[in-house]
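Visitor: how would this look folded up:
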Amino acid sequence: MKRYLILIAVILLFVSCSNNKKEQKEEQINVRSSVDESDSVTDSLLNSIKGNVSFSQLASTPNSVILTGLKEHRLVTIYKSRKNVESFEENIGYSSSYTVVDGQTIEIEKPFMPGIEVLYGYNLLNVAHYNMQTEKMNFMFQSPVLIKTLYYPSFIEDSLNKIPIRRNYYLVTVYDDDSNKDSLINKNDLRRMYYFNAECDVKIRLIPADYSVIRSQYDSRNDVMYVFARKDENKNGISDKNEPIHIFWLNMKLPVTGKKLY
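Guide: Next comes the predicted model:
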């Protein structure tokens with residue numbers, strides 16, 4: 001009986017590890033995926049593709065239209081698609097806690113700061129912005145990335161200290177570069193943070209490029225976001241646990257500059 005239980009435990013552990021490896025493999029972008037290196041292609045062609053995969057080279061699909069607090073402005077989430085998966089439809093709203101993308105459950109948190117809603121991505125490759133008035137669309141990023149957190153103006157009216165508040169920008173944390181030069185864009189790379197204006201035609205990096213964003217904290221008294229980020233001191237493009245963590249703060253009234261606090 002004891003040997004039987006041990007055998008079951010080993011099998012369960014193997015299955016769990018296999019699932020974890022599968023999930024890790026799926027949530028990544030192979031920056032050389034469109035080129036078979038066994039083919040007779042020049043190095044210049046490989047270099048032009050590396051780190052700049054296009055949507056024509058990577059299967060993607062739109063998922064939802066996000067209703068922002070800006071009347072004319074809508075966002076469309078674009079996810080990495082998988083073969084043999086049925087189509088999905090899910091309305092992402094303020095009261096929703098989860099949505100399902102390609103069979104994966106995605107968490108949508110209610111805002112932890114007034115006037116802001118948060119979407120956590122899994123295989124979220126890009127976000128398109130559409131202006132209902134001008135009928136024009138543009139993308140936040142010019143090539144596929146891995147968006148981890150999208151902060152956008154709350155569709156529901158909100159207040160701070162009993163004063164109505166309306167945000168008119170977007171914040172994004174993202175893996176957008178093969179920083180460790182392993183031909184993949186995934187969680188092993190540095191996580192960046194950007195500000196976008198309402199039209200998504202102005203993009204500003206908020207935390208220096210040699211940092212990797214870890215987490216954030218909100219200060220309601222000052223309407224400030226504290227961003228914890230690890231400095232890539234050895235410049236290997238990886239967030240090593242023994243490297244120092246610094247804190248930056250963003251003025252949420254207009255978070256276009258990250259100021260170092262610690």
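Visitor: where does K71 land in three-state SS?
Guide: Following DSSP: H, G, I helix; E, B strand; the rest coil, K71 is assigned to coil.
Visitor: ignoring the adjacent residues along the chain, who's closest to it?
Guide: Nearest non-adjacent residue to K71, counting by CB to CB, 6 or more residues apart in numbering: M132, 7.7 Å away. All C-beta atoms are positioned from the backbone trio N, CA, C, and that covers glycine.
Visitor: hmm, the one you found is touching T68, no?
Guide: No: the criterion here is CB atoms under 8 Å, and M132 misses it with T68 at 10.7 Å.
Visitor: between those two, what contacts are shared?
Guide: Residues touching both M132 and T68 by CB atoms under 8 Å, 6 or more residues apart in numbering: R74.
Visitor: between these two, who's got more neighbours?
Guide: Between M132 and T68, T68 has the larger neighbour count (other CB atoms under 10 Å), namely 20 against 11.
Visitor: which ones are touching the more buried one?
Guide: R74, L75, Y152, P153, F155.
Visitor: out of these, which is nearest to K162?
Guide: Closest approach to K162 among these (CB to CB): P153, at 19.2 Å.
Visitor: which residues does the closest one bridge with?
Guide: I116 (DSSP bridges).
Visitor: how much space separates the residue nearest to D219 when sequence neighbours are not counted from V256?
Guide: Leaving aside its sequence neighbours, D219 sits nearest to Y226 (CB to CB, 6+ apart; 6.5 Å). Y226 sits 16 Å away from V256, going by CB to CB, to the nearest Å.
Visitor: quick check: the residue nearest to D219 touching Q217?
Guide: Yes: taking CB under 8 Å as the definition, Y226 is a contact partner of Q217 at 4.4 Å.
Visitor: counting neighbours, go ahead and name the busier of these two.
Guide: Y226 (16 against 13).
Visitor: that one: what secondary structure?
Guide: strand.
Visitor: Provide a list of residues in contact with it.
Guide: Y226 neighbours (CB under 8 Å, 6+ apart): S216, Q217, Y218, D219, I247, F248, W249, L261.
Visitor: alright, that wraps it up for me.
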